[in-house]
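**Q** Fold the stuff below for me.
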Amino acid sequence: MAELKEDELYLEAFNLQIPQNKKIDSSKLGEALRSVGKRLTNENIETLRKKADAECNGGITFEDFKRFVDEASKIEKTDEEIEKAFKVFDNGEKKGLINLATFKHSIMTLGDKLAPEQVETLFKQAGIDESKETVNYKVFMDLLKAK
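**A** Down below sits the predicted model:
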């Protein structure tokens, strides 16, 4: 029964991306994978997109999409890996607090860079008061888990 619900979720995400030929373009693969909760880096998505371009002539079918969901599950970041990344900002104090200005600067300049408006949206979704100097990184962890 749980598998049916999972397939329904995947089909819904797939259907949001499809034009009339019942296939999605590889450029929409990342958006579709993220809509079913896959936490992938832009680099991971680009790798999967290139694989889709090579293997799926004319677009990604629903069966192809389910295969890419399975593949994404194998490479997505675990909660432990994400928490470890946040702990870098804890400055070794192990209090779970991160400096908001440093964190904001880092997510705008390192790795999968976020634009200022994306950071603003992220902080708003997390209920972050930007006037404070620090925030508990668990707030961001909870937000990521909810996606």
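**Q** if I look at the nearest residue to residue 65 once chain neighbours are set aside, how far off is residue 73?
**A** Spatially, and ignoring its direct neighbours in sequence, residue 65 is nearest to residue 14 (4.9 Å; Cβ to Cβ, 6 or more residues apart in numbering). Bear in mind the C-beta positions are built from the backbone N, C-alpha and C, glycine included. Per Cβ to Cβ, to the nearest Å, residue 14 is found 16 Å from residue 73.
**Q** These two: which has the busier surroundings?
**A** Neighbours around residue 14 and residue 73, counted as other Cβ atoms under 10 Å, are more numerous at residue 14. The numbers are 24 against 13.
**Q** For that one, which three-state class applies?
**A** helix (DSSP: H, G, I helix; E, B strand; the rest coil).
**Q** Secondary structure element holding residue 135?
**A** Per DSSP states H and E: residue 135 is located in strand 134-136.
**Q** Does anything pack onto that strand? Which helices or strands?
**A** Judged by 3 or more Cβ pairs under 8 Å, 6 or more residues apart in numbering; DSSP states H and E, strand 134-136 is in contact with strand 97-99, helix 100-109.
**Q** Can you lay out the ones you listed as TSV showing distance to residue 121, mean pLDDT and mean neighbour count?
**A** Shown next, in TSV, are those (distance: least, Cβ to Cβ, whole Å; pLDDT from 0 to 100; neighbours: other Cβ atoms under 10 Å):
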stretch	distance to residue 121	mean pLDDT	mean neighbour count
strand 97-99	18	86	19
helix 100-109	12	88	15
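**Q** Could you say which one of these comes nearest to residue 27?
**A** helix 100-109 (23.9 Å; Cβ to Cβ).
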